[in-house]
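Enquirer: have a look; sequence and predicted model below, questions after that.
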Amino acid sequence: MSKFQFPKSILSRPVYGTLQARVGKAHLMVADAEGAEALLDLAQTGPELMPKAHIIYIPKGTDFAARLEALAPAQLYIAPSFAAATPRLQKALADAHMGVQIYLAGTEGLIGQVMQAAITAGYPASAIQSEHRGSIARRVQCVHCKGITEDVATDPFVCSHCGLNLFVRDHYSRRIAAFQGVCIDAEDPGQVPPAKELYT
């Protein structure tokens, strides 16, 4: 299984649940990588969802596309990246009618960005479910240059935009769907502890 139990943290840090079948006129499902496993599990508990489901899936090197297709959703779009899926996502959010249920599964980066897009489009948080599956890498914004680095798996790490050594904080910004990275050696330049994997 690709589930990870995140340790307790500060209040701004997102908390994820388990996707549950809900009654709705339509079901928008967005997943990446191992997030497909959560959609497959959901389909077992709520097979009546699939005829009304629009799935947007970003494989990220995994091989779940055929299994998702076998669920026979109303629509299935396989995207090479989140950037490529964004226009499809925005259209799906714009075209959806009242009663749509939104299901997000996969990495924190995907969940945060889709949740941000859905809330910006006017959907209430109560209509959005999320389940983390797969990589525990984070999407991190450098508080100094404001650049965002995707898939950060170590702490500290070097900002891909300005080159500063950043400490990855648990503070999460829903506005930009990213954790915050702060310069770790601002007072003592060059004094950087060895990088270690997140949550080790």
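Expert: Here it is on my side, so go on.
Enquirer: name the SS class of residue 119, please.
Expert: Classification of residue 119 using DSSP: H, G, I helix; E, B strand; the rest coil returns helix.
Enquirer: thought residue 195 was touching residue 157?
Expert: Yes: when contacts are counted by C-beta atoms under 8 Å, residue 195 is listed as touching residue 157 (6.4 Å). C-beta coordinates here come from the backbone N, C-alpha and C atoms, glycine included.
Enquirer: what about these two, which has more around it?
Expert: Between residue 195 and residue 157, counting by other C-beta atoms under 10 Å, residue 157 is the more crowded of the two (21 against 13).
Enquirer: OK, contacts around the residue lying closest to that one once chain neighbours are set aside?
Expert: Counting by C-beta to C-beta, 6 or more residues apart in numbering, residue 157 lies nearest to residue 166, which is 5.9 Å off, once chain neighbours are set aside. Contacts for residue 166 (C-beta atoms under 8 Å, 6 or more residues apart in numbering) come out as 140, 142, 156-159, 181-184.
Enquirer: may I ask which of the residues you listed has the most neighbours?
Expert: Counting neighbours by other C-beta under 10 Å, residue 181 leads the contacts of residue 166 with 29 neighbours.
Enquirer: quick check: bridge partners of the closest residue in space to that one that isn't next to it in sequence?
Expert: In this structure, residue 181 finds its nearest non-sequential neighbour in residue 166, 3.4 Å apart by C-beta to C-beta, 6+ apart. As for beta bridges, residue 166 partners with residue 157, residue 183 under DSSP bridges.
Enquirer: I'm done for today, thanks for sticking with me.
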